[in-house]
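Colleague: Here is the input, now give the coordinates:
(one chain, ligands or ions: 1)
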Amino acid sequence: MKTALTIAGSDCSGGAGIQGDLKTFNAHGVYGMSVITAVTAQNTTKVSYIQGLEPITISKQLEAIFEDIKVDSIKIGMLFNKRIITAINETFKNYNLPKIVLDPVMISTTGRILLKGDAIESIVKDLFPLCNLITPNILEAGKLTDTTINNTVDMEKACRKLYELGPSNILVKGGHLKDTACDVLYDGNEFTYFDHKRIDNPNTHGTGCALSSAIAANYSKGFDTISAVKSAKDYITKAIAGGFSIGSGSGPVNHFI
Ligand code: PLP
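Modeller: As a prediction, this is how the structure comes out:
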């Protein structure tokens, strides 16, 4: 049985974060494990409360897994603060790491800050060089490169800048672009474009989490990066098309597909 580990925040409403990641791993036939970084109180309308966990709580979870179980891939999501990132980086030094997919989550669709300002620098310095792939959307890529991204040419420029920061592959997601939903993948050499028609469904909660965990699950199964991203894009396109309403706000993407 192939395994995958998500290091991320808990979403009690079950759409994003740890819960969304585990549902995605399950749908891919990969055994999912989780290290929780923060607990959020949220529903389909808002994130109302966040408690970052103590760094030791995170190191202990990582140690428990790595000392006993073979981890075939890691997805990293919400990290919340600098102390949490430092704990992960320090603990990682003791183990052989599989491929890591990092989604640099900064803000929820409902507008809540999920990463404190001073933590961005730590993610770049401590974690980017360990990553096989990072998956920022255009807002996150813009923030990380200090640029404004409006089209695929801007996305390519951001990819080149982000590549210099250490990850082996960059996927800038174009879901927030005006005209297209094209994602741009860069491996330091070539660009690959994943163009999908925009799907008109307001129930998209957990989209970014599901995409990065689907890619990690595909890495666990031995896919190369282009195949892992292509398959994950197909998965998320169906999951968004099947997104459903469970409350008064934006409902979750659908993993029963
Ligand atoms: N909550 C948690 C714990 C998350 O990790 C994320 C995104 O990564 C969100 C909420 C936001 O999800 P969305 O913007 O898809 O609603």
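Colleague: contacting residues around I149?
Modeller: Applying C-beta atoms under 8 Å, 6 or more residues apart in numbering, we find I149 in contact with 138-139, 141-142, 155, 158, 172. Where you see a C-beta, it was placed from the backbone N, CA and C, and this is true even at glycine.
Colleague: err, D72, not the other one
Modeller: Taking C-beta under 8 Å, 6+ apart as the criterion, D72 is in contact with 2-4, 30, 98, 219-220.
Colleague: Tell me how far it lies from F92.
Modeller: The gap separating D72 from F92 is 16 Å, by C-beta to C-beta, to the nearest Å.
Colleague: Measure how buried N43 is and give me the count.
Modeller: 18 (other C-beta atoms under 10 Å).
Colleague: Next: the one 4 residues further on.
Modeller: Counted with other C-beta under 10 Å, the burial measure for V47 works out to 21 neighbours.
Colleague: for the helix or strand containing A239, packing partners?
Modeller: Using DSSP states H and E, A239 sits within helix 225-241. On a contact count with 3 or more C-beta pairs under 8 Å, 6 or more residues apart in numbering; DSSP states H and E, helix 225-241 meets strand 183-186, strand 191-194, helix 207-220.
Colleague: Am I right that Y49 sits in a helix?
Modeller: No. Per DSSP: H, G, I helix; E, B strand; the rest coil, Y49 lies outside any helix segment and is strand.
Colleague: hmm, the longest strand along the chain touching the ligand?
Modeller: The single longest strand within the chain, with elements called by DSSP state E, is strand 31-42. Yes. Interface with the ligand: strand 31-42 contributes 40, 42 (C-beta under 6 Å from any ligand atom).
Colleague: In PDB, list the C-alpha atoms belonging to that strand.
Modeller: Once non-C-alpha atoms are left out, strand 31-42 reads as follows in PDB (Å, rounded to 0.1, in the frame of the first residue of the first chain):
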ATOM      1  CA  TYR A  31      -3.200   5.400   2.500                       C
ATOM      2  CA  GLY A  32      -3.400   8.900   4.100                       C
ATOM      3  CA  MET A  33      -1.800  10.200   7.300                       C
ATOM      4  CA  SER A  34      -1.900  13.700   8.800                       C
ATOM      5  CA  VAL A  35       0.200  16.000  10.900                       C
ATOM      6  CA  ILE A  36      -2.000  18.900  12.100                       C
ATOM      7  CA  THR A  37      -0.400  22.300  12.300                       C
ATOM      8  CA  ALA A  38      -3.400  24.400  13.400                       C
ATOM      9  CA  VAL A  39      -7.100  23.900  14.300                       C
ATOM     10  CA  THR A  40      -9.600  26.200  12.500                       C
ATOM     11  CA  ALA A  41     -13.200  26.800  13.300                       C
ATOM     12  CA  GLN A  42     -14.900  27.400  10.000                       C
END
